[in-house]
Every structure is written in structure tokens, then in C-alpha cells.
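1. Pasting the sequence and the predicted model now:
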Amino acid sequence: MNPDHGQEDRVRAAFARSRAAYPSSPAPVDRILTAARIRRKRRRAAAAVTSAACVLGIGLAIPFLKPSHTAVGPERRPMPVASSPHTPAPDKVVVRVAEGRVDGHRWSVALEFHRTLPKGYTLPKLPGGTTAPGTSLLCQRMYIGGVRIDHQGGPWADCQPVTGTQDPQAGGGMGLWGLHDKGLSGSRLMVSNPEAEVAYGVVTLSDGTQVKATTVTVPGTAYRAWAAPIANGKTITSVDQYDADHHRISHDTDWR
């Protein structure tokens, strides 16, 4: 069958006329670009909101997070401050032996131990010009009515040099002390520096009155004392010392 070229030409001409009758409109480039800008702005706003929410969520979660010891290793705690196992002993120790009232006056006796010889103290001279031995000082401070016994002799008149904290020469003595007539009259104090086994002393007066006094020791030393008041005009019949089991250790009748 032979093609009908005339009919083809007529169809082409009709298509050309139809296209000319309905011209195609230009592409809406501006509208497309505007829409794209709007969509891009929306996406950016949404992304910003999402990022802020994530940051807020992390910030809120941080206070509730607990460290994982298994993840980061054992917890490191600060080392405690090292303390010295030995506390240095004070250079001066004062212990009150006894106190009270006699003849209306306050009285007191205290032992004062200086671990080293205090500044201003000079070791006394012994017969022959030698110096008394001693590395420490033991003072027996006795007061009646606010006046220190032996205060006329200076600040160290009631002190004796000792060697360390266990000098046996400081024990075993006893004395009657007062402000008048070398302790023979007026208000007086009976003071004993007993041996270690003496727990207390009892002073018996001529009128039958008994005064009991407990031994007190300077902490960390072998130095100890007990003290009892003797009122004016009273006479001592005996002085007895006892151990902790109330066994009498000594009996002395040479005081008056």
C-alpha cells in the first residue's frame, strides 16, 4: 500500500494551526523560586527547634547522670591528712593537789612540773661549789589567803631541780608549811610527797579531828603529793599514810 503523502501534509498543517491557536504560557519561574524559599525557611526553623530541644534535654539530663565506676575506673578519693602518731608533751604541767578554806582563808596546793629548766632559773650551788644536777624543775605552789608561801625567796623558792620525770629524789618528803614562824603557828598546810604506793594520808589532831587527803600525781611523771589544812591553834597528834587497800604504810607522831 502506497503512503498518502498528501494526507500527512494536511495533518501536519492542522497541528501547526492548533498550536498557534493555543500559545503555551511561560514557565512560572518566580513562583517556583518563591515556593522553594518558603520551604527552605520552614526546614531551617524546624531544624532549629529540634536542636534546641536536644540541647535542653541534655542539660536536664546532666544533673541526673551518675558516674559509672566500671566505665571510668575506681573512684579516687582525697588522701587523708597525715597526723603525727605522737603528740608532743607540754613543757609545763600544773595539777591541783587540794584546796579549801581554813580559818576563813582560801588555801590551795598545786604541783607544777617544768619539763625543761625555765628561762630565768639557775641551778643552785651545792656545798663545795658544784652545781646541783637537774634537767627539769618541780615546784610545790602553796597558798593561804592568796599569799604564796615562801614568796619572799623569789619565784623559784618552792621549786627543786629534778632529772626527767622519774627522779626518785623528789619523793618521800613531808612538811608543815605556813606564813608565820616557819609553819609552827597560824594557819598551816601539811604536805607530803609520798612513795608510789601511798593512796592517801590522814592527819589526826589533838581534839580527835581527822583530816583525810588523797594523793594526786602529775600526769606522765612519778611526782605526787597530798595536802591537808591545819587550823590555827590546832596540834597534830599523828600523821598516817595508807595504800589503796587501806593498809597503813607509815605512822608519824613527830609533828605538832
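-> In hand now; what should we look at?
2. ok, residues contacting stretch 213-224?
-> Contacting residues not belonging to stretch 213-224 are listed as 89, 93, 95-98, 111, 113, 138, 162, 165-168, 170-171, 190, 192-194, 196, 198-203, 225-228 [C-beta atoms under 8 Å, 6 or more residues apart in numbering]. Backbone N, C-alpha and C define where each C-beta goes, glycine included.
3. Taking those, please make a PyMOL selection of just the buried ones.
-> Those of those that count as buried under 16 or more other C-beta atoms under 10 Å are selected in PyMOL with:
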select buried, resi 93+95+97+98+111+113+138+162+165+167+170+171+190+192+193+194+198+199+200+201+202+203+225+226+227+228
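4. tell me the pLDDT at the residue lying closest to residue 170 once chain neighbours are set aside?
-> Here the nearest residue to residue 170 in space, its sequence neighbours aside, is residue 162; by C-beta to C-beta, 6 or more residues apart in numbering that works out to 5.0 Å. The predicted structure scores residue 162 at 97 on the pLDDT scale.
5. List the residues that contact residue 240.
-> Residues touching residue 240, when contacts are defined by C-beta under 8 Å, 6+ apart, comprise 201, 202, 204, 248, 250, 251, 252.
6. could you redo the last one with a cut-off of 7 Å?
-> The neighbourhood of residue 240, defined by C-beta atoms under 7 Å, 6 or more residues apart in numbering, consists of 201, 202, 248, 250, 251.
7. From residue 184, how far out is the second one?
-> Which is residue 202. Noted for residue 202: a distance of 22 Å to residue 184, by C-beta to C-beta, to the nearest Å.
8. Tally up the residues packed near residue 92, please.
-> As a burial measure, residue 92 scores 13 neighbours (other C-beta atoms under 10 Å).
9. how much space between the nearest residue in space to it that is not next to it in sequence and residue 138?
-> In this structure, residue 92 finds its nearest non-sequential neighbour in residue 114, 5.5 Å apart by C-beta to C-beta, 6+ apart. With the distance defined as C-beta to C-beta, residue 114 ends up 8 Å from residue 138.
10. tell me which helix or strand of the chain sits lowest on mean pLDDT?
-> helix 69-72 (a mean of 41; mean pLDDT, DSSP states H and E).
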